[in-house]
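Novice: Predicted structure and sequence below. I'll ask about it afterward.
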Amino acid sequence: MARTRVGVTERFDRDPYAVWDIDLGRQFKNLGASLSFSNLTNMQYEEIKGVAMPGRTVIFALEYVIARKIR
């Protein structure tokens with residue numbers, strides 16, 4: 001699975017800014033793995049005046065599914 005998102009936002013009385021996110025994922029038998037990149041371009045912006053939003057962020061996740069058969 002792969003997904004990308006580019007969002008351009010223009011807030012009242014502020015300059016417009018663009019944020020690019022990418023999500024990658026793979027499902028194996030009982031194991032899922034994902035890698036997410038947020039604000040890939042490291043854009044410096046403020047949703048609320050005076051509050052800086054995070055820069056580039058990378059998150060890696062693993063998920064193990066325990067399946068139980070019900071008879």
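Specialist: Ah, there it is.
Novice: now the strand ranked longest in the chain: how far from the chain's centre is it?
Specialist: What stands out as the longest strand in the chain, according to DSSP state E, is strand 17-27. The chain centre lies 5 Å from the centre of strand 17-27; the measure is CA atoms, centre = their mean, to the nearest Å.
Novice: Buried residues in that strand, which are they?
Specialist: By neighbour count with 16 or more other CB atoms under 10 Å, strand 17-27 contains the buried residues 17, 19, 20. For glycine as for every other residue, the C-beta is placed from the backbone atoms N, C-alpha and C.
Novice: Not counting the helix or strand just after that strand itself, show me its contacts.
Specialist: Downstream of strand 17-27, the next assigned helix or strand under DSSP states H and E is strand 31-38. Where contact means CB atoms under 8 Å, 6 or more residues apart in numbering, the residues beyond strand 31-38 that reach it are 19, 21-26, 54, 56-65.
Novice: So which bits of strand 31-38 are buried?
Specialist: residue 38.
Novice: now what about the lowest-mean-pLDDT helix or strand in the chain, what contacts it?
Specialist: Sorted by mean pLDDT, DSSP states H and E, the helices and strands of the chain end with strand 46-48, the least confident at a mean of 84. Contacts to strand 46-48, defined as CB under 8 Å, 6+ apart, come from residues 11, 14, 52, 53.
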